[in-house]
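Peer 1: Need the 3D shape of this:
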Amino acid sequence: MKLLPHPLLSLALALIWLLLNNSAAPGQLVLGLLLGWLIPLFTRAFWPDRVRIRRPVVLLRLVGVLLYDIVVANLAVARRILGDPERLAPAFVEVPLDLTSDLAISLLANTICLTPGTVSARLAADRRSLLVHALDAPDPAATRAQIKARYEAPLKEVFESC
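Peer 2: The predicted model follows:
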């Protein structure tokens, strides 16, 4: 589709526009739809491959898990910071990657950054591991396992052929 290169992105951009403006007025709706159409149209040269969502239900579940984790992590980080910050156990955790596509790796790194208390620090040159800094990781193996199970596995299922 030459005129609508990324329909899901177009829809997402239009919805984000409406949410940012906190209005569903006809003018905002038209502007959101226009932006949702034009941005993917003018940036399609920067998209090397067409994005294919293999399991949309898994993607919806991942979004739900991420939203839940964001809320829970905000509360946990606030409790730890306001409580006894000396008891924090910050750590860098090396997460070996099963993901191979640029999109999936980028989404994993961004997902980690969205969750309070963790940030993606570096992608290895060979793209086989991601260095993550965790504000409180007394058990780095558990942190690694949680990232792989909650975020990487669903992303692999959604964006890569298993």
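Peer 1: thought Glu152 was touching Asp98?
Peer 2: Yes - using CB atoms under 8 Å, Glu152 is in contact with Asp98, at 6.3 Å. To be clear about C-beta, it is placed using only N, CA and C from the backbone, and glycine gets the same treatment.
Peer 1: So which of those two has more stuff around it?
Peer 2: Counted by other CB atoms under 10 Å, Glu152 and Asp98 do not tie: Glu152 has more neighbours, with 23 against 14.
Peer 1: what kind of secondary structure is the more buried one in?
Peer 2: Recorded secondary structure, Glu152: helix (DSSP: H, G, I helix; E, B strand; the rest coil).
Peer 1: measure it to Leu97 for me?
Peer 2: Remark: distance between Glu152 and Leu97 (CB to CB, to the nearest Å) = 7 Å.
Peer 1: joint contacts of these two?
Peer 2: Counting by CB atoms under 8 Å, 6 or more residues apart in numbering, the shared contacts of Glu152 and Leu97 are Leu108.
Peer 1: Pretty sure Ala89 sits against Ala137.
Peer 2: Yes - in terms of CB under 8 Å, Ala89 counts as a neighbour of Ala137; the distance is 6.0 Å.
Peer 1: got a list of what Ile70 touches?
Peer 2: When contacts are counted by CB under 8 Å, 6+ apart, Ile70 touches Leu114, Thr115, Pro116.
Peer 1: Report the buried residues of the helix or strand hosting it.
Peer 2: Assigned by DSSP states H and E, Ile70 belongs to helix 56-82. Judged by neighbour count (16 or more other CB atoms under 10 Å), helix 56-82 contains these buried residues: Val58, Leu59, Leu62, Leu66, Asp69, Ala73, Val77, Arg80.
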